[in-house]
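[1] Okay, structure incoming, though there's no sequence with it:
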(Lines give C-alpha, C1' and ligand atoms only; values in the text may rest on other atoms or scores of the structure.)
Protein backbone atom coordinates (compact mmCIF):
# COMPACT_ATOMS: atom_id res chain seq x y z
CA UNK A 1 0.00 0.00 0.00
CA UNK A 2 2.98 2.29 0.63
CA UNK A 3 4.10 1.70 -2.96
CA UNK A 4 0.65 2.63 -4.26
CA UNK A 5 0.57 5.83 -2.24
CA UNK A 6 4.02 6.79 -3.50
CA UNK A 7 2.97 6.29 -7.11
CA UNK A 8 -0.31 8.16 -6.65
CA UNK A 9 1.24 11.29 -5.15
CA UNK A 10 2.63 12.71 -8.43
CA UNK A 11 -0.77 12.49 -10.12
CA UNK A 12 -3.27 15.33 -10.02
CA UNK A 13 -5.94 16.97 -12.12
CA UNK A 14 -5.20 20.62 -12.80
CA UNK A 15 -8.69 22.02 -13.42
CA UNK A 16 -12.36 21.28 -12.91
CA UNK A 17 -14.51 20.76 -16.03
CA UNK A 18 -16.21 23.78 -17.58
CA UNK A 19 -19.56 22.01 -17.45
CA UNK A 20 -20.68 19.15 -15.19
CA UNK A 21 -23.91 17.38 -16.14
CA UNK A 22 -25.59 15.30 -13.43
CA UNK A 23 -27.94 12.83 -15.12
CA UNK A 24 -29.76 9.57 -14.45
CA UNK A 25 -30.43 6.37 -16.37
CA UNK A 26 -33.99 6.32 -17.70
CA UNK A 27 -34.43 10.10 -17.46
CA UNK A 28 -36.04 11.31 -20.75
CA UNK A 29 -35.04 14.95 -20.16
CA UNK A 30 -31.42 13.82 -19.71
CA UNK A 31 -31.49 12.04 -23.06
CA UNK A 32 -33.06 15.11 -24.65
CA UNK A 33 -30.30 17.29 -23.17
CA UNK A 34 -27.44 15.14 -24.48
CA UNK A 35 -27.55 16.25 -28.15
CA UNK A 36 -27.94 19.86 -27.01
CA UNK A 37 -24.76 19.62 -24.92
CA UNK A 38 -22.94 17.87 -27.77
CA UNK A 39 -23.93 20.70 -30.09
CA UNK A 40 -22.63 23.18 -27.51
CA UNK A 41 -19.29 21.36 -27.43
CA UNK A 42 -19.14 21.43 -31.23
CA UNK A 43 -19.59 25.21 -31.18
CA UNK A 44 -16.99 25.67 -28.45
CA UNK A 45 -13.84 23.60 -29.19
CA UNK A 46 -11.95 22.81 -25.99
CA UNK A 47 -15.04 22.93 -23.78
CA UNK A 48 -14.56 20.31 -21.03
CA UNK A 49 -17.74 18.43 -20.10
CA UNK A 50 -18.12 15.76 -17.41
CA UNK A 51 -21.18 13.50 -17.33
CA UNK A 52 -22.02 12.03 -13.90
CA UNK A 53 -24.72 9.35 -13.61
CA UNK A 54 -26.31 9.49 -10.12
CA UNK A 55 -29.11 6.90 -10.12
CA UNK A 56 -26.91 3.82 -10.20
CA UNK A 57 -23.80 5.21 -8.51
CA UNK A 58 -24.08 5.88 -4.77
CA UNK A 59 -20.80 7.80 -4.65
CA UNK A 60 -21.97 10.04 -7.50
CA UNK A 61 -25.25 10.73 -5.65
CA UNK A 62 -23.33 11.87 -2.58
CA UNK A 63 -21.21 14.12 -4.75
CA UNK A 64 -24.39 15.58 -6.30
CA UNK A 65 -25.93 16.24 -2.89
CA UNK A 66 -22.74 17.92 -1.66
CA UNK A 67 -22.61 20.07 -4.80
CA UNK A 68 -26.27 21.05 -4.42
CA UNK A 69 -25.70 22.02 -0.80
CA UNK A 70 -22.62 24.05 -1.72
CA UNK A 71 -24.52 25.93 -4.43
CA UNK A 72 -27.62 26.37 -2.25
CA UNK A 73 -30.01 24.56 -4.58
CA UNK A 74 -33.51 24.20 -3.12
CA UNK A 75 -35.00 21.86 -5.73
CA UNK A 76 -33.00 18.82 -6.85
CA UNK A 77 -33.52 16.93 -10.09
CA UNK A 78 -31.85 15.66 -13.23
CA UNK A 79 -30.45 16.85 -15.41
CA UNK A 80 -28.59 19.46 -13.40
CA UNK A 81 -25.92 21.57 -15.11
CA UNK A 82 -23.08 23.16 -13.13
CA UNK A 83 -21.04 25.71 -15.10
CA UNK A 84 -17.44 26.10 -13.89
CA UNK A 85 -18.42 25.21 -10.36
CA UNK A 86 -20.47 28.39 -9.84
CA UNK A 87 -23.70 28.52 -11.83
CA UNK A 88 -26.34 25.77 -11.62
CA UNK A 89 -29.27 25.09 -13.95
CA UNK A 90 -31.79 22.42 -12.90
CA UNK A 91 -33.87 20.64 -15.55
CA UNK A 92 -33.90 20.91 -19.32
CA UNK A 93 -36.29 22.82 -21.57
CA UNK A 94 -35.45 22.83 -25.25
CA UNK A 95 -34.70 26.30 -26.59
CA UNK A 96 -34.43 27.76 -23.08
CA UNK A 97 -31.74 25.77 -21.28
CA UNK A 98 -29.33 26.03 -24.22
CA UNK A 99 -29.50 29.83 -24.06
CA UNK A 100 -28.98 29.75 -20.27
CA UNK A 101 -25.87 27.60 -20.69
CA UNK A 102 -24.50 29.90 -23.40
CA UNK A 103 -24.97 32.96 -21.16
CA UNK A 104 -23.33 31.23 -18.18
CA UNK A 105 -20.35 30.20 -20.28
CA UNK A 106 -19.96 33.67 -21.82
CA UNK A 107 -19.94 35.25 -18.36
CA UNK A 108 -16.38 34.01 -17.85
CA UNK A 109 -13.32 33.51 -20.08
CA UNK A 110 -13.42 30.82 -22.76
CA UNK A 111 -12.02 27.47 -21.65
CA UNK A 112 -8.42 26.67 -22.43
CA UNK A 113 -7.77 23.11 -23.58
CA UNK A 114 -4.39 22.97 -21.87
CA UNK A 115 -6.09 23.28 -18.50
CA UNK A 116 -7.22 19.63 -18.69
CA UNK A 117 -3.68 18.34 -18.26
CA UNK A 118 -2.76 15.50 -15.97
CA UNK A 119 0.67 14.82 -14.51
CA UNK A 120 1.48 11.10 -14.69
CA UNK A 121 4.42 9.12 -13.28
CA UNK A 122 7.12 8.58 -15.94
CA UNK A 123 5.10 10.39 -18.64
CA UNK A 124 5.00 13.85 -17.07
CA UNK A 125 2.28 16.35 -18.08
CA UNK A 126 -0.33 14.93 -20.44
CA UNK A 127 -3.51 16.29 -22.03
CA UNK A 128 -5.80 13.29 -22.66
CA UNK A 129 -8.03 15.29 -25.02
CA UNK A 130 -5.11 15.80 -27.41
CA UNK A 131 -4.41 12.08 -27.90
CA UNK A 132 -6.23 10.90 -31.08
CA UNK A 133 -8.35 7.90 -30.18
CA UNK A 134 -7.26 5.86 -33.25
CA UNK A 135 -3.63 6.37 -32.23
CA UNK A 136 -4.41 5.39 -28.64
CA UNK A 137 -6.25 2.27 -29.87
CA UNK A 138 -3.41 1.10 -32.10
CA UNK A 139 -0.71 1.87 -29.51
CA UNK A 140 -2.40 -0.06 -26.69
CA UNK A 141 -3.25 -2.94 -29.05
CA UNK A 142 0.38 -3.22 -30.20
CA UNK A 143 1.71 -3.20 -26.63
CA UNK A 144 -0.90 -5.76 -25.60
CA UNK A 145 0.26 -8.02 -28.44
CA UNK A 146 3.79 -7.95 -27.06
CA UNK A 147 2.99 -10.18 -24.08
CA UNK A 148 5.08 -13.19 -23.06
CA UNK A 149 2.16 -15.62 -22.73
CA UNK A 150 0.86 -15.42 -26.31
CA UNK A 151 4.38 -15.16 -27.72
CA UNK A 152 5.59 -18.17 -25.74
CA UNK A 153 2.82 -20.41 -27.11
CA UNK A 154 3.34 -19.20 -30.70
CA UNK A 155 7.12 -19.67 -30.54
CA UNK A 156 6.75 -23.23 -29.23
CA UNK A 157 4.14 -24.07 -31.89
CA UNK A 158 6.38 -22.74 -34.66
CA UNK A 159 9.31 -24.71 -33.24
CA UNK A 160 7.29 -27.93 -33.54
CA UNK A 161 6.16 -27.08 -37.08
CA UNK A 162 9.73 -26.33 -38.20
CA UNK A 163 10.60 -30.01 -37.85
CA UNK A 164 8.55 -30.62 -41.00
CA UNK A 165 10.88 -28.26 -42.92
CA UNK A 166 7.91 -26.92 -44.90
CA UNK A 167 7.90 -23.14 -45.28
CA UNK A 168 4.34 -23.17 -46.60
CA UNK A 169 3.09 -25.23 -43.66
CA UNK A 170 4.77 -22.96 -41.14
CA UNK A 171 3.26 -19.88 -42.81
CA UNK A 172 -0.24 -21.39 -43.12
CA UNK A 173 -0.50 -22.88 -39.62
CA UNK A 174 1.16 -19.88 -38.01
CA UNK A 175 -1.18 -17.55 -39.87
CA UNK A 176 -4.23 -19.55 -38.78
CA UNK A 177 -3.09 -19.36 -35.16
CA UNK A 178 -2.62 -15.58 -35.38
CA UNK A 179 -6.03 -15.05 -37.03
CA UNK A 180 -7.77 -17.35 -34.53
CA UNK A 181 -6.06 -15.57 -31.63
CA UNK A 182 -7.30 -12.21 -32.91
CA UNK A 183 -10.86 -13.51 -33.30
CA UNK A 184 -10.93 -15.12 -29.85
CA UNK A 185 -9.48 -11.93 -28.34
CA UNK A 186 -12.17 -9.87 -30.08
CA UNK A 187 -14.89 -12.03 -28.52
CA UNK A 188 -13.15 -11.83 -25.14
CA UNK A 189 -12.96 -8.02 -25.26
CA UNK A 190 -16.57 -7.76 -26.46
CA UNK A 191 -17.56 -9.64 -23.30
CA UNK A 192 -15.56 -7.17 -21.21
CA UNK A 193 -17.28 -4.27 -22.96
CA UNK A 194 -20.66 -5.84 -22.25
CA UNK A 195 -19.73 -6.18 -18.58
CA UNK A 196 -18.90 -2.49 -18.37
CA UNK A 197 -22.16 -1.65 -20.14
CA UNK A 198 -23.98 -3.44 -17.32
CA UNK A 199 -21.80 -1.73 -14.69
CA UNK A 200 -22.66 1.68 -16.16
CA UNK A 201 -20.48 4.77 -16.47
CA UNK A 202 -20.40 5.54 -12.75
CA UNK A 203 -17.24 6.25 -10.82
CA UNK A 204 -17.42 3.12 -8.65
CA UNK A 205 -16.70 0.65 -11.48
CA UNK A 206 -13.72 2.73 -12.58
CA UNK A 207 -12.27 2.89 -9.05
CA UNK A 208 -12.65 -0.88 -8.55
CA UNK A 209 -10.92 -1.54 -11.86
CA UNK A 210 -8.14 0.90 -10.93
CA UNK A 211 -7.42 -1.05 -7.72
CA UNK A 212 -7.34 -4.33 -9.68
CA UNK A 213 -4.96 -2.83 -12.25
CA UNK A 214 -2.57 -1.71 -9.52
CA UNK A 215 -2.48 -5.23 -8.03
CA UNK A 216 -1.87 -6.76 -11.47
CA UNK A 217 0.86 -4.20 -12.17
CA UNK A 218 2.70 -5.07 -8.96
CA UNK A 219 2.51 -8.79 -9.79
CA UNK A 220 4.01 -8.12 -13.23
CA UNK A 221 6.76 -5.87 -11.87
CA UNK A 222 7.55 -8.54 -9.28
CA UNK A 223 8.79 -10.77 -12.10
CA UNK A 224 11.81 -8.47 -12.53
CA UNK A 225 13.21 -9.58 -9.17
CA UNK A 226 11.43 -12.87 -8.42
CA UNK A 227 10.68 -14.51 -11.75
CA UNK A 228 7.91 -17.13 -11.44
CA UNK A 229 8.23 -17.09 -7.64
CA UNK A 230 5.04 -16.64 -5.67
CA UNK A 231 1.81 -15.43 -7.33
CA UNK A 232 2.27 -14.91 -11.06
CA UNK A 233 0.19 -13.77 -14.05
CA UNK A 234 1.81 -16.23 -16.45
CA UNK A 235 0.76 -19.56 -17.94
CA UNK A 236 0.77 -22.08 -15.06
CA UNK A 237 3.31 -24.88 -15.37
CA UNK A 238 0.51 -27.42 -14.79
CA UNK A 239 -1.25 -26.23 -17.98
CA UNK A 240 1.76 -26.56 -20.29
CA UNK A 241 1.68 -30.38 -20.85
CA UNK A 242 -1.89 -30.13 -22.16
CA UNK A 243 -0.96 -27.24 -24.46
CA UNK A 244 2.09 -29.13 -25.78
CA UNK A 245 -0.09 -32.18 -26.47
CA UNK A 246 -2.48 -30.10 -28.56
CA UNK A 247 0.45 -28.54 -30.46
CA UNK A 248 1.84 -31.94 -31.41
CA UNK A 249 -1.62 -33.08 -32.51
CA UNK A 250 -1.84 -30.02 -34.79
CA UNK A 251 1.59 -30.69 -36.29
CA UNK A 252 0.70 -34.35 -36.98
CA UNK A 253 -2.82 -33.67 -38.36
CA UNK A 254 -3.49 -35.59 -41.59
CA UNK A 255 -5.54 -32.85 -43.26
CA UNK A 256 -5.74 -29.08 -43.33
CA UNK A 257 -9.33 -28.84 -41.97
CA UNK A 258 -8.40 -31.00 -38.97
CA UNK A 259 -5.25 -28.94 -38.36
CA UNK A 260 -7.18 -25.64 -38.70
CA UNK A 261 -9.80 -26.80 -36.21
CA UNK A 262 -7.06 -27.91 -33.82
CA UNK A 263 -5.29 -24.54 -34.10
CA UNK A 264 -8.55 -22.66 -33.45
CA UNK A 265 -9.17 -24.82 -30.39
CA UNK A 266 -5.59 -24.19 -29.26
CA UNK A 267 -6.06 -20.42 -29.62
CA UNK A 268 -9.22 -20.59 -27.51
CA UNK A 269 -7.55 -22.75 -24.85
CA UNK A 270 -4.49 -20.53 -24.67
CA UNK A 271 -6.56 -17.36 -24.25
CA UNK A 272 -8.50 -18.97 -21.41
CA UNK A 273 -5.36 -20.31 -19.71
CA UNK A 274 -3.46 -17.03 -20.05
CA UNK A 275 -6.43 -14.92 -18.90
CA UNK A 276 -4.51 -13.43 -15.99
CA UNK A 277 -1.58 -12.62 -18.27
CA UNK A 278 -3.68 -10.67 -20.78
CA UNK A 279 -6.45 -9.24 -18.60
CA UNK A 280 -5.02 -5.82 -17.76
CA UNK A 281 -4.74 -3.82 -20.99
CA UNK A 282 -8.00 -5.14 -22.54
CA UNK A 283 -9.78 -4.13 -19.32
CA UNK A 284 -8.21 -0.66 -19.54
CA UNK A 285 -9.18 -0.17 -23.16
CA UNK A 286 -12.74 -1.51 -22.93
CA UNK A 287 -13.42 0.64 -19.85
CA UNK A 288 -12.25 3.77 -21.65
CA UNK A 289 -14.27 2.76 -24.72
CA UNK A 290 -17.38 2.28 -22.55
CA UNK A 291 -16.96 5.87 -21.27
CA UNK A 292 -16.58 7.31 -24.76
CA UNK A 293 -19.59 9.53 -25.48
CA UNK A 294 -21.50 9.25 -28.75
CA UNK A 295 -20.17 5.81 -29.74
CA UNK A 296 -22.85 3.26 -30.63
CA UNK A 297 -22.63 -0.51 -30.64
CA UNK A 298 -21.39 -0.64 -34.24
CA UNK A 299 -18.78 2.02 -33.56
CA UNK A 300 -17.50 0.17 -30.50
CA UNK A 301 -17.23 -3.04 -32.52
CA UNK A 302 -15.16 -1.12 -35.08
CA UNK A 303 -12.80 0.19 -32.41
CA UNK A 304 -12.40 -3.33 -30.97
CA UNK A 305 -11.63 -4.64 -34.46
CA UNK A 306 -8.91 -2.00 -34.89
CA UNK A 307 -7.48 -2.86 -31.46
CA UNK A 308 -7.33 -6.55 -32.33
CA UNK A 309 -5.73 -5.90 -35.71
CA UNK A 310 -2.97 -4.07 -33.83
CA UNK A 311 -2.85 -6.87 -31.23
CA UNK A 312 -1.96 -9.55 -33.81
CA UNK A 313 0.76 -7.49 -35.53
CA UNK A 314 3.58 -8.61 -33.13
CA UNK A 315 2.40 -12.24 -33.43
CA UNK A 316 2.29 -11.96 -37.23
CA UNK A 317 5.83 -10.53 -37.15
CA UNK A 318 7.05 -13.62 -35.27
CA UNK A 319 5.46 -15.91 -37.88
CA UNK A 320 7.08 -13.86 -40.67
CA UNK A 321 10.54 -14.16 -39.11
CA UNK A 322 10.09 -17.91 -38.68
CA UNK A 323 8.96 -18.35 -42.30
CA UNK A 324 11.83 -16.25 -43.70
CA UNK A 325 14.62 -17.75 -41.57
CA UNK A 326 13.20 -21.27 -41.01
CA UNK A 327 15.04 -21.22 -37.70
CA UNK A 328 13.68 -21.96 -34.25
CA UNK A 329 12.91 -18.87 -32.19
CA UNK A 330 13.11 -18.66 -28.41
CA UNK A 331 11.66 -16.42 -25.73
CA UNK A 332 13.99 -16.66 -22.76
CA UNK A 333 13.59 -15.55 -19.19
CA UNK A 334 15.27 -12.22 -19.84
CA UNK A 335 12.84 -11.37 -22.64
CA UNK A 336 9.87 -12.40 -20.51
CA UNK A 337 11.08 -10.17 -17.67
CA UNK A 338 11.35 -7.17 -20.01
CA UNK A 339 7.86 -7.72 -21.44
CA UNK A 340 6.40 -8.09 -17.96
CA UNK A 341 8.12 -4.87 -16.89
CA UNK A 342 6.57 -2.98 -19.84
CA UNK A 343 3.12 -4.34 -19.07
CA UNK A 344 3.49 -3.62 -15.35
CA UNK A 345 4.57 -0.03 -15.96
CA UNK A 346 1.58 0.68 -18.21
CA UNK A 347 -0.82 -0.90 -15.72
CA UNK A 348 0.61 1.25 -12.92
CA UNK A 349 0.04 4.40 -14.97
CA UNK A 350 -3.52 3.50 -15.92
CA UNK A 351 -4.34 2.12 -12.47
CA UNK A 352 -3.31 5.36 -10.77
CA UNK A 353 -5.17 7.38 -13.41
CA UNK A 354 -8.34 5.34 -12.82
CA UNK A 355 -8.08 5.89 -9.06
CA UNK A 356 -7.09 9.56 -8.88
CA UNK A 357 -8.38 11.23 -12.06
CA UNK A 358 -11.07 8.99 -13.60
CA UNK A 359 -12.74 11.97 -15.26
CA UNK A 360 -9.68 12.33 -17.52
CA UNK A 361 -10.61 8.99 -19.14
CA UNK A 362 -13.45 10.71 -20.99
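    Nice, thanks for sending it over. The structure presented is a predicted model; accordingly, all values stated were derived computationally and were not measured.

[2] Which helix runs longest in the protein?
    In the chain, with assignment by DSSP state H, the single longest helix is helix 167-199.

[3] What is that helix packed up against?
    helix 148-161, helix 256-273, helix 280-291, helix 297-325 (3 or more CB pairs under 8 Å, 6 or more residues apart in numbering; DSSP states H and E). No exception for glycine: its C-beta is placed from N, CA and C like everyone else's.

[4] now the third one against helix 297-325, angle please.
    Translated: helix 280-291. 150 degrees (axes from the mean of the first three to the mean of the last three CA atoms, to 10 degrees).

[5] For helix 280-291, which outside residues touch it?
    With CB atoms under 8 Å, 6 or more residues apart in numbering as the test, helix 280-291 has contacts from 137, 140-141, 143-144, 185, 188-189, 192-193, 196-197, 201, 205-206, 209, 212-213, 216-217, 220, 295, 300, 303-304, 307, 343, 346-347, 350, 354, 361-362.

[6] Give me the buried subset of the residues you listed.
    Neighbour counting with 16 or more other CB atoms under 10 Å marks 137, 140-141, 143-144, 185, 188-189, 192-193, 196, 201, 205-206, 209, 212-213, 216-217, 220, 300, 303-304, 307, 343, 346-347, 350, 354, 361-362 as buried within the contacts of helix 280-291.

[7] Which stretches in the stretch 1-150 of the chain count as strands?
    19-23, 49-53, 80-83, 87-90, 118-120, 124-126 (DSSP state E, counting those that start in this stretch).

[8] what's the least confident stretch among those strands?
    Among those, strand 118-120 has the lowest mean pLDDT, at a mean of 52.

[9] returning to that earlier point: what angle sits between the longest helix of the chain and helix 280-291?
    Counting by the same axes, to 10 degrees, helix 167-199 lies at 50 degrees to helix 280-291.

[10] Show the subsequent helix or strand relative to helix 167-199.
    helix 203-222 (DSSP states H and E).

[11] tell me how far that next one is from the chain's mean position?
    12 Å (CA atoms, centre = their mean, to the nearest Å).

[12] show me the contacts for residue 140.
    Taking CB under 8 Å, 6+ apart as the test, what residue 140 contacts is 281, 284, 285, 307, 310.

[13] rerun at 10 Å
    281, 282, 284, 285, 288, 307, 310, 311, 346, 350 (CB atoms under 10 Å, 6 or more residues apart in numbering).

[14] Skipping adjacent residues, who's closest to residue 266 in space?
    The shortest distance from residue 266 to any residue other than its chain neighbours is 4.9 Å, reached at residue 246 (CB to CB, 6 or more residues apart in numbering).

[15] Can you tell me the element the one you found falls in?
    Per DSSP H and E: helix 240-251 holds residue 246.

[16] average pLDDT across that helix?
    The model assigns helix 240-251 a mean pLDDT of 72.

[17] got the angle between it and helix 167-199?
    130 degrees.

[18] Which elements pack onto helix 240-251?
    In terms of contacts (3 or more CB pairs under 10 Å, 6 or more residues apart in numbering; DSSP states H and E), helix 240-251 is packed against helix 148-161, helix 167-199, helix 256-273.

[19] angle of that helix against helix 256-273?
    Using the same axes, to 10 degrees, helix 240-251 lies at 160 degrees relative to helix 256-273.

[20] ok, residues contacting helix 240-251?
    152-153, 156-164, 169, 173, 176-177, 235, 258-266, 269-270, 273-274.

[21] That one to helix 148-161, inter-axis angle?
    40 degrees.

[22] Now find how far off-centre helix 240-251 is within its chain.
    31 Å.

[23] So, low pLDDT: which residues of the stretch 1-150 of the chain?
    Residues of the stretch 1-150 of the chain that meet the criterion pLDDT under 70 lie in 1-16, 108-130.

[24] Count the neighbours of the nearest residue to residue 161 once chain neighbours are set aside for me.
    Leaving aside its chain neighbours, residue 161 sits nearest to residue 170 (4.9 Å; criterion: CB to CB, 6+ apart). When neighbours are defined as other CB atoms under 10 Å, residue 170 has 19 of them.

[25] Residue 170 reaches residue 322, doesn't it?
    Yes: Residue 170 is in contact with residue 322 according to CB atoms under 10 Å; the separation is 5.8 Å.

[26] Report the set of residues contacting both of the two.
    Joint contacts of residue 170 and residue 322 (CB under 10 Å, 6+ apart) are 157, 158, 161, 162.

[27] any idea how far the spatially closest residue to the second one that is not a sequence neighbour lies from residue 70?
    Going back to what we said before, that points to residue 158. In space, residue 158 comes closest to residue 322 once its chain neighbours are excluded; the distance is 4.6 Å by CB to CB, 6+ apart. Note on residue 322: its distance to residue 70, by CB to CB, to the nearest Å, is 63 Å.

[28] if you count what's nearby, which of these two comes out ahead?
    Using other CB under 10 Å as the criterion, residue 322 and residue 70 rank with residue 322 on top: 23 against 11.

[29] what sits against that one?
    154-155, 157-159, 161-162, 167, 170-171, 174, 328-329.
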